[in-house]
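Trainee: Predicted model, plus sequence, below.
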Amino acid sequence: MRTSSRNILFCLFAFLYSSALLMHAQSNSGSLAGVVTDPSGAVIPGASVTIQNPVSGYSRTTTSNGTGHFRFSNVPFNPYHLSVTKQGFGAFAQDVNVDSILPVTSNIQLKVGTAVNTVTVEGGADLIENDPTDHTDVDRGLFDKLPLESASSSLSSLVTLASPGVAADSNGLFHGLGDHASNSFSVDGQPISDQQSKVFSNQLPSNAVQSLEVIDGAPPAEYGDKTSLVINVTTRSGMGLTKPVGNITTSYGSFGTATGSVDLGYGGKNWGNFFEIDGLNSGRFLDPPEFAVFHDKGNEQNVFDRVDYQISAADSIHTNFNYSRSWFQNPNAYDNLNISNVVSGGTSASPVFDNVGDTDQRSKIGTYNIAPTYTRILNKDAVLNVGAFVRRDGYNYYPSNKPLADLGPIQGQSISQERSLLNTGVHAELTIQKGINSIKAGTIYQHTFLREHDNLGVVDATFNSPCVDADGNPQPGFTDPSQCAAAGFVSNDPSVDGTFDPTLLPYDLTRNGSFYHYFGHTDVKELALYIQDQIKAGNWVFNVGIRGDLYNGLAIARQAEPRLGIAYNVKQTNTVLRVSYARTLETPFNENLVLSSQGCLNDVLSPLLACTPGVSGTLEPGYRNEFHAGLQQAFGKNFVISGDYIWKYTHNAFDFSILGNTPIFFPIDWHNSKIPGFTLRADVPNFHGLSAFAVMSSVAARFFPPQNAGAGATVGQAGLPFRIDHDENFNQTTHVQYQIPGRLGAWIGFNWRFDSGLVAGSVPCYNVTDPNSLCNPANGGPSITLPDGTPGIDLSGLTPDQQYEAGLACDGVSATPTSGFTSCDASGLTSKLVSIPAPGTEDDDKKPPRISPRNLFDASIGDDNLFHGDKRRWSLRLTAVNVANKTALYNFLSTFSGTHYVTPRALTAEVGFHF
C-alpha cells in the first residue's frame, strides 16, 4: 500500500509540474527558419518552401507568411534538401543540415525570372552523411506504408524490417548486433533502456512516431546503458498547424484482429498539440508454440498526447503524456490441454488428480509515461535543454484458476507475479556550436524502483517425491520417506543418498502444501556525465567524447568510457569512409532482477527456479569494447549504400532464461562474449514513384561459460564457447514501394524477409566425440547406440507434441501432437522446421543446430485518396502478412524464450478518413 501511495503521489506531482509548464522543446529534433526576399530585399509572402531527405523519406512543405518568414519545427536531425518556388521568380535549391537543437537559419533570396538558383547542391551529396556513426533514418512517409508483422508491437516490427543487424525473434523481441535485446530508445530525448517487447512492457504506438534514427554504429558519448542499438524517436507535433489535421482509421483481419485509431494535430504560431488514441483486439496476440492458434487472445489500448508551447523567442517547453494497457493469454501448446495431466516424457493420466482443466495463464501490463522538457536558447551559438520523466510498467501474471493445471513438460511449478518498474529521472544537455566545433555536454540521473511479488508452488507430483521404485523412478502420493517401505518402495531420504528435499514439502501443492511467497525490492540509481565534440575540418569529421557512468543497484559499478569516431568525405566520388570505437558500461536488465539475483541463494526458490548448480549471487554490470569500420557510397542521386564491419568484446555478457511455459524471464550473465559481423543497407530514393531499400547482416554471437549469475538452467559450464540462441548467420529484408502516377493515390508495397535461422540448442542430434557438442552424452546429449548397434538419438525427453512442434520425422514418418518416437536412427531423423546437423558434425560453436532458413513475403496495396478529395480524403489499404502461409519457427525450446511460430498468413483491410 505504501508503494502504491508513493506512486500516486509521484505521478500527481509530475502531472501538476508538467501541466503547469505545458510547453515545447525537442532533444531529438531541431528547427529550420528563414526569410524569403527578392533581389531588392523586399519580403516575398506566399512562397512555397519544401525540405526533404530522400533517404529517410521525410518531406514537409510550408508557405512564407506576410512578412516573408517560414519555419519548420520538430525536424529530425538529418541533412535536408531545401527548395523554394514562387510564381514570377526563379526556383531556389540548397542543402541544409539540422544536427542539433540549435535553430538553423536559412535566409533565401529569389531572383526575378525563371532561372534556377542552386547553392551547394552536389550530385549525390544529399544522399550521404559525413558521420562517423553508422545509422538508419526512417520517416513516417516511408514506414506508414510498410506491411508490419505485428499490430501489437508495430514499433519493434518497424525497427526489425528497416534496420540492418537485427535478428527477429518472437513477441516483438529483436536482437541488435548479436546481443540479447540490448537496445535503448530515446523518445524526444527521454532515455528508455528497459525491455520493450510485448511480454515486458507496452510500447509507444507507432502512430505517435514522426521519425526514427536507429544507431547501429559505435554510440557517441551521450548514449549508455544498452547500446547495441539506439533508437532515437521523434514524436509527432501539432506545432504550427493552424488548421486541424487528423486521421481516423479502423481495420479488421485474420484471427479476429480489429483495430481503431484516431489522431489529431492542431496548434498556432506558438503552440501545438498532437493527440493519438488507438485500440487493438486479436485472437493471436502473442506468437504461440503451435502453428494453429488457440488460447491466444489479447487486447491493447494506447493514449498519447504531446503538448508544445513557445514561451518566447528563447524559451520553449514540450510535454509527452502516454498511457498503455494490454491484457493477453499465454498461448498454450497441445500439451497444455489437460484432458489428462501431462508429465515429463509423455502424456498419462494423473495418478493423483482427476481432470484439472486446461492451462489458463494470463498477463496484464499497464504503462504510463510523463516527460516534460524545457529548452532555453542562450545565444546564437548555445542552447540548454532540461528534462524530467517518470515511467512505470506494472506487470501482473495470473496462473490457471486451478494451479495444478499449470503442469506441463517444461513446467513443474505454478507461479503468480505482480511486479513494477518505476523509472524516474532528469537530464540536462548544453549544446554549443562555434566554428568547426559542435560541443555537447550533459548529465542524466535515473532512479528506478523495482518491486517483485511472486508466489510459487510445486505442481508436479513426481518432482520431489519421498519414495522411488527399485529403478529410481519417483512415486507420487507420499509425503514422508518413512512411508516408502510399507508400500514396497525405496526411501528417497537425502540422508541416505536420496534427492528428496524436505524444505520444499510445505510448498508442494500436490501434497497439500501452499504457495511460497516472495517479495523482493531494490532501488537502482544511475548517474551519467558526458562531454563530446564533433569537429568538422574540411572533409574530415572527428567525434571525440568521454562518458562516466556510476551505477548503484544490487551491485555497484563505476566506468570511464571513451568514445572516438573519424569520418572522411571523398567528395569527388560521393564516398564517406569511417571508423569508430566505444567503451560502454553494460548494466543488468531490470526485469526480475531481484528474484534472479537472490533466488538461487534461497533453499526453496533455487530448485523452483531451476538454478544451475554452483551459480548464485548478484548480477554484476559488465563492460564492452566495440569497434566499427565502414563506408557510405552514393551513386548519382538514385542509389546509396552504407555498411559497417563490427567487432565487440563484452565481459559479463547478459541474456535471459525462461521459467517454464510462462512469459516470465530472468536476466543472467555469462563470463564474456565475442561478437563479429557486418551490416549493410542500400536505398533507392523516390525514382519516378518507385522507392526501395534492402538491409542485411551477418552477426555471430559467441558466448563463453561459465554462467556467473542469474536463475535458470543453462548450457554446460566447461568454458567452451557456444552460439547463443540469437546468433544468426545471415538475414535480409527487401522492401519495394511504387506510387502509381496520376490523380489516384494508389500504391503498392512488398516485403521479402530472409532469415537463415537462429541457433536452436534443444534440437536433438548425434555426436559422441566433440566435447563442445550438446548432443554428446557427456554433456547430457541424446546420442545413443540402438539395439542393432547403429547410431541413434534418444527422443524420450521430448513429448510427441514437442516433436511435432519441431517438425521431426523418423525414417519418413512424421510426429503428431499425440504420437511420437522414443528413439530414431541418427541418419533417419529429419525435419522441415529445424536444421539437424549430420551425425557426428554438431559443434556448439562452429555448427550448432538451427531453425531452418525461411523466406517470408508480405504485400500491401492501397489508395490514399479514393474519392479524389481536396481537404478531406478517404483511404483503403489491404495488407497480407506471410502471403505464402509459410510454416516456420522463430525458435524451439529455447532456454531463453521457449518455442514460437511465425505468423501464419494474415489478411487485413483498413479504411481511413483524413482531414
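Mentor: Cool, the structure landed.
Trainee: Now residue 565: which helix or strand?
Mentor: Secondary structure assignment for residue 565, by DSSP states H and E: strand 556-570.
Trainee: Also residue 583?
Mentor: Assigned by DSSP H and E, residue 583 falls in strand 575-586.
Trainee: Residue 630 too?
Mentor: Element membership for residue 630, per DSSP H and E: strand 622-635.
Trainee: Check the offset of that strand from the chain's centre.
Mentor: 21 Å (CA atoms, centre = their mean, to the nearest Å).
Trainee: Outside of stretch 298-307 itself, list whatever touches it.
Mentor: Outside of stretch 298-307, the residues within contact range by CB atoms under 8 Å, 6 or more residues apart in numbering are 22-24, 152, 202, 204-205, 207-208, 235-238, 272-282, 285-286, 318-329. No exception for glycine: its C-beta is placed from N, CA and C like everyone else's.
Trainee: Can you flag the buried ones in the residues you listed?
Mentor: Using 16 or more other CB atoms under 10 Å as the burial test, the contacts of stretch 298-307 include 23-24, 152, 202, 204-205, 207-208, 235-238, 272-282, 285-286, 318-329 as buried.
Trainee: residue contacts, residue 84?
Mentor: Listed by CB under 8 Å, 6+ apart, the contact set of residue 84 reads 36, 47, 48, 49, 50, 91, 92, 93, 108, 110.
Trainee: Isn't the fifth one up against residue 63?
Mentor: No. Using CB atoms under 8 Å, residue 50 and residue 63 do not qualify as a contacting pair, with a distance of 10.3 Å.
Trainee: thinking again about what came up before, report the inter-axis angle for the helix or strand that the strand holding residue 630 is followed by versus strand 622-635.
Mentor: The helix or strand immediately downstream of strand 622-635 is strand 639-658, counting by DSSP H and E. Computed by axes from the mean of the first three to the mean of the last three CA atoms, to 10 degrees, the angle separating strand 639-658 from strand 622-635 equals 160 degrees.
Trainee: Show me what the helix or strand following strand 639-658 is packed against.
Mentor: The C-terminal neighbour of strand 639-658 among helices and strands, as given by DSSP H and E, is strand 665-687. Counting contacts by 3 or more CB pairs under 8 Å, 6 or more residues apart in numbering; DSSP states H and E, strand 665-687 packs against helix 593-598, strand 639-658, strand 690-699, strand 702-709.
Trainee: contacts for the third one?
Mentor: Contacts with strand 690-699, where a contact means CB under 8 Å, 6+ apart, come from 57, 136, 142, 161-167, 177-178, 646, 675-685, 727-739.
Trainee: Apply 6 Å and report the result again.
Mentor: 164-165, 177-178, 677-684, 729-730, 732-738 (CB atoms under 6 Å, 6 or more residues apart in numbering).
Trainee: and the helices and strands packed on strand 665-687, which is most packed in?
Mentor: Greatest average neighbour count among the helices and strands packed on strand 665-687 goes to helix 593-598 (a mean of 25), per mean count of other CB atoms under 10 Å.
Trainee: outside of that one, which residues touch it?
Mentor: The contact list for helix 593-598, computed with CB under 6 Å, 6+ apart, reads 450, 452, 520, 522, 554, 618, 619, 666, 667, 710, 711.
Trainee: swap in stretch 276-296?
Mentor: Residues from elsewhere that reach stretch 276-296, judged by CB under 6 Å, 6+ apart: 151-152, 170-171, 205, 207-208, 255-263, 297-304, 328-329, 331-333, 805, 887, 899-901.
Trainee: Which of those fall within strands?
Mentor: 257-263, 298-304, 328-329, 899-901 (DSSP state E).
Trainee: and the angle for the helix or strand hosting residue 752 with strand 690-699?
Mentor: Secondary structure assignment for residue 752, by DSSP H and E: strand 746-755. For strand 746-755 against strand 690-699, the angle by the same axes, to 10 degrees is 10 degrees.
Trainee: which one in this protein is furthest away from the centre?
Mentor: Distance from the centre of the chain peaks at residue 486, with 56.9 Å (CA atoms, centre = their mean).
Trainee: And what about that one, helix, strand or coil?
Mentor: At residue 486 the chain is in helix, as set by DSSP: H, G, I helix; E, B strand; the rest coil.
Trainee: roughly how far apart are it and residue 217?
Mentor: 71 Å (CB to CB, to the nearest Å).
Trainee: about what we covered before: list buried residues within the ones in strands among the contacts of stretch 276-296.
Mentor: Neighbour counting over those (16+ other CB under 10 Å) leaves 257-259, 261-263, 298, 300-304, 328-329, 899-901 as the buried ones.
Trainee: which intervals of the stretch 251-400 of the chain have sub-threshold pLDDT?
Mentor: Applying pLDDT under 70 to the stretch 251-400 of the chain picks out residues 339-355.
Trainee: follow-up on the earlier one: so what touches the strand holding residue 630?
Mentor: With CB under 6 Å, 6+ apart as the test, strand 622-635 has contacts from 124, 127-128, 134, 217-218, 559, 574-586, 640-652.
Trainee: Give me the below-cutoff pLDDT ranges for this structure.
Mentor: By pLDDT under 70, the weakly predicted segments of the chain are 1-27, 114-126, 339-355, 713-718.
Trainee: now the helices for it?
Mentor: Here the chain has its helices, by DSSP state H, at 2-21, 140-143, 154-162, 593-598, 605-608, 800-805.
Trainee: Which residues does the second one contact?
Mentor: The one in question is helix 140-143. For helix 140-143, using CB under 6 Å, 6+ apart, the contacting residues are 57, 59, 158, 210.
Trainee: Which of those residues sits closest to residue 591?
Mentor: Using CB to CB, residue 158 comes nearest to residue 591 of those, at 22.5 Å.
Trainee: and that closest one, what does it touch?
Mentor: By CB under 6 Å, 6+ apart, the neighbours of residue 158 are residue 143.
Trainee: cool, residue 197 as well?
Mentor: Shown in contact with residue 197 (CB under 6 Å, 6+ apart): 171, 172, 173.
Trainee: Just give the nearest non-adjacent residue to the last one, would you?
Mentor: Closest residue to residue 173 in three dimensions, ignoring its sequence neighbours and counting by CB to CB, 6 or more residues apart in numbering: residue 197, at 4.0 Å.
Trainee: Pop out the phi and psi values for that neighbour.
Mentor: The phi and psi values for residue 197, taken as degrees, to the nearest 10, are phi -70, psi 160.
Trainee: Could you do residue 539 as well?
Mentor: Dihedral angles (degrees, to the nearest 10) for residue 539: phi -80, psi 0.
Trainee: Could you report the distance from it to residue 261?
Mentor: Separation of residue 539 from residue 261 (CB to CB): 46 Å.
Trainee: Also residue 363?
Mentor: Residue 363 sits 23 Å away from residue 261, taking CB to CB as the criterion.
Trainee: now do residue 227
Mentor: As judged by CB to CB, residue 227 and residue 261 stand 32 Å apart.
Trainee: Also residue 211?
Mentor: Going from residue 211 to residue 261 by CB to CB gives 19 Å.
Trainee: my read: residue 657 touches residue 712, true?
Mentor: Yes. Contact criterion CB atoms under 6 Å: residue 657 and residue 712 qualify, at 2.5 Å.
Trainee: what residues do these two have in common as contacts?
Mentor: Taking CB under 6 Å, 6+ apart as the contact rule, residue 657 and residue 712 both touch 666, 668.
Trainee: Contact partners for residue 388?
Mentor: So residue 388 contacts 372, 426 (CB under 6 Å, 6+ apart).
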